[in-house]
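Starting from these lines, generate the structure:
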Amino acid sequence: MATKTKVQKRLSKPEKVTNEELNKIQRLLDNMNRAQVQIGGIEVQKHEMLQSISMLRNQLMVLRDDLKKSYGTDDVNIDTGVINYNKDEQTNKKD
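I've put the predicted structure just below:
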């Protein structure tokens, strides 16, 4: 009878993984979950930044329209503020 029990133990499959293996699995899953949460946060920031860019683009379009109304062009050197008129417009402005 004792031999039968030993044979059964050798043939039976383990019921649990080792504590070391379980800890490793838990650490890996925890790290994956943290990374996914961080990615989610980054995606939210990305979405907010894209919305901000869209609003800024709209504001720039309004400003360009205002410049066209005021100066007849929206072609401005952004470093110096000099208005770049077309040659035809420059001649008309001098007259």
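
so how far is the longest helix seen in the chain from its chain's centroid?
Assignment by DSSP state H gives helix 19-71 as the longest helix of the chain. Centroid separation for helix 19-71 versus its chain: 4 Å, with CA atoms, centre = their mean, to the nearest Å.

Next: stretch 12-25.
That offset, for stretch 12-25, works out to 38 Å (CA atoms, centre = their mean).

For the residue sitting nearest the centre point of the chain, give its distance to residue 40.
Per CA atoms, centre = their mean, the C-alpha nearest to the average position across the chain is that of residue 46, at 3.6 Å. Residue 46 is 11 Å from residue 40, where distance means CB to CB, to the nearest Å. No exception for glycine: its C-beta is placed from N, CA and C like everyone else's.

what's the answer for residue 34, then?
Residue 34 is 11 Å from residue 40, by CB to CB.

Next up, the contacts around residue 31.
Residue 31 makes no contacts at all, as judged by CB atoms under 8 Å, 6 or more residues apart in numbering.

and it, how far is that from residue 58?
For residue 31, the distance to residue 58 (CB to CB) stands at 41 Å.
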